[in-house]
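[1] sequence and predicted structure below; questions after.
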Amino acid sequence: MLAPEFPPHIREQWPFAAHFARVNGWRMHYVDEGSGDPVVLLHGNPAWGFLYREFVSPLVRAGYRVIIPDMIGFGLSEKPVREHAHSLDGHSSNLIALLRQLDLDRVAVVCHDWGGPTGLTYALSHQERVRALVIMSTWAWQSPPAEFHTRIFPWRLMHAPLVGPYLLGKHSALAGRGMYLSVVDRERFRQRAQAAYEVALPDPATRLLTWTWPRWIPLDQQARAWRRFQWLEQELSRCKLPALIVWGREDDVFDPATFATRFKQLLPHAEGPHLVTGRHFLQEDSGPEIAARIIEFLSKLGNGRAA
Amino acid sequence: MSSPVSVIDPPDVAGKRMAAVLAEDRIGHYAEFRAFFERTFDLPRIGMSRPGYVAAPSGTIYQFVFIGRSGEPFPAGVEINALVDDLEPLDDALVDTDLWAILRWMISGVGAPWSVQDLDATGRLYRLAAAADPKG
């Protein structure tokens, strides 16, 4: 259940019991609903599990155990206040810690945004535990970066030194208007969902990860995560796990023509790309449709790890 | 409200307090930003021996405390404090406008490919009140 500071219309959409685990010393919140083969749904910046609220009931009804962690620094999880508390491998390790504690097997990993590099790091380093991958609006290679991420206006300026703490910290630009601009039906998002993301990051210090994550996107070989992304691309190109690619037709952060196509090249056996109505936060515009697509995909896998 | 941000000599701080208004852990994320502060406050010469000070458009003085981090070039970070009367609450709107002016001053000093025009456009995209009528 959500705390009273979340408005009633948000609490009504999130009736799920809160669970907490200690990962690498941090307190991680997660949802754990249903029973059956686990489906782990991973969000990115600046979201939290709420992004998947419309996935939970259909997946549970279809016979799956639904696990939705809030990344450390977001949602209902602990929020470190120093930038150096965050790293790509640290966040991947947080996820690995949770999933090991839960001793999950036959996992379907559903990833979006930074849930991609972290979730795929888990999946590709624990393939014996993973049944399938679902990939949405993310990336897993060093180069080329998204054209959007190379632009000074607005992306690099948003998280530039001091500008990031001011614009994304003091003024909550990403959790507020940033997400609003990255959905198709903005009025529906404003009425039904925007408060969930803003209330979860109530103060400037709680928004630290919103400007720290952008600084981890590799733009050149000096990038801190360069080698991890190199590893991700190599491992992904060898990966035989069943995979489904779903993308927002209107995605202007990771445009489908470039990014969904690149995943298809790396995973030629993957189903898709299936295009749905959606910008970067496609779950907000097409949640039930994507959930149905995942259920259909998983139902075809049978009991084995490979179709 | 329209006078530019300017670097000033250390002020008299008697009867004043330093109110934290903005902090950055990674000033060198883009190296040109660190270089701007190095040359603006003569940091290679004075190091951590004293803070830097600027006067903002409102007339408020802001202190820049530069932070070192083992294994990284100096400065690694910076804390910005408003210099205010010791018991006087901050005027949040005034501080916000001043900080926007300080960011514009910084971007102007960092130089190409960074531009104040792009910063203003970013501020307007995110509907910042301070960016609606850029001054300073």
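    The structure has been received and is ready for your questions.

[2] going forward, measure contacts between C-alpha atoms and count neighbours the same way
    Will do.

[3] OK, contacts around the closest residue to B:I67 other than its chain neighbours?
    Closest residue to B:I67 apart from its sequence neighbours, by CA to CA, 6 or more residues apart in numbering or on different chains: B:G77 at 4.8 Å. Contacts of B:G77 were listed using CA atoms under 8 Å, 6 or more residues apart in numbering or on different chains, and they are B:23-28, B:66-68.

[4] worst mean pLDDT across the helices and strands of the chain, which element?
    All of this is about chain A. Least confident helix or strand of chain A, by mean pLDDT, DSSP states H and E, is helix A:147-150 with a mean of 91.

[5] can you show me the helices along chain B?
    Using DSSP state H, the helices of chain B run over B:31-40, B:43-46, B:92-110, B:116-125, B:129-132.

[6] what is the burial count for A:D103?
    9 (other CA atoms under 10 Å in any protein chain shown).

[7] equivalent analysis for B:E72, please.
    Around B:E72 there are 9 other residues, counting by other CA under 10 Å.

[8] distance between the ends of stretch A:176-195?
    End-to-end distance of stretch A:176-195 (CA to CA, to the nearest Å): 8 Å.

[9] what sits against the residue of the stretch 201-307 of chain A found nearest chain B?
    Here the stretch 201-307 of chain A gets closest to chain B at one residue, A:R215, 7.4 Å apart by CA to the nearest CA. Neighbour list for A:R215: A:159, B:29 [criterion: CA under 8 Å, 6+ apart].

[10] how close does it get to A:L208?
    Per CA to CA, A:R215 is found 11 Å from A:L208.

[11] pass me the low-pLDDT residue ranges in the stretch 151-300 of chain A, would you?
    Scanning the stretch 151-300 of chain A for pLDDT under 70 picks out nothing.

[12] residues in it within reach of chain B, list them.
    By the rule CA under 8 Å from any CA of the partner chain, the part of the stretch 151-300 of chain A lying against chain B is A:152-154, A:157-158, A:160-163, A:165-167, A:171, A:173, A:177-178, A:215.

[13] in ChimeraX, how would I select just the buried ones from those residues?
    Listed next is the ChimeraX selection for buried residues among these, using 16 or more other CA atoms under 10 Å in any protein chain shown:
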select /A:152,153,154,157,158,160,161,162,163,165,166,167,171,173,177,215
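
[14] just the residues of the stretch 151-300 of chain A next to chain B: which are in helices?
    A:157-158, A:163.

[15] which among the residues you listed gets closest to B:L83?
    Distance to B:L83 across these (CA to CA) is lowest for A:V163, with 20.7 Å.

[16] the closest one is in contact with A:L157, isn't it?
    Yes - using CA atoms under 8 Å, A:V163 makes contact with A:L157 at a distance of 6.8 Å.

[17] which residues sit against the longest helix along chain A?
    Counting residues, the longest helix found in chain A (DSSP H) is helix A:282-299. Contacts to helix A:282-299, defined as CA under 8 Å, 6+ apart, come from residues A:51-52, A:54-55, A:58-59, A:62, A:132, A:134, A:183-185, A:189, A:244, A:246-248, A:251, A:276-278.

[18] how far away is the most centrally placed residue in chain A from A:A260?
    Taking CA atoms, centre = their mean, the centroid of chain A lies closest to A:H43, which sits 2.3 Å from it. Using CA to CA, A:H43 is found at 18 Å from A:A260.

[19] kindly report the same for B:R127.
    B:R127 is 32 Å from A:A260, by CA to CA.

[20] close to chain A: what parts of chain B are there?
    Residues of chain B lying close to chain A by CA under 8 Å from any CA are B:22-30, B:33, B:103, B:113-114, B:118-119, B:121-123, B:126, B:128.

[21] just the strands from chain A, written as ranges.
    A:19-23, A:26-33, A:37-42, A:64-69, A:107-112, A:130-136, A:243-248, A:271-276 (DSSP state E).

[22] mean confidence for the fourth one?
    Confidence for strand A:64-69, expressed as mean pLDDT, is 98.

[23] and what of stretch B:31-48?
    Mean pLDDT, computed over stretch B:31-48, is 96.
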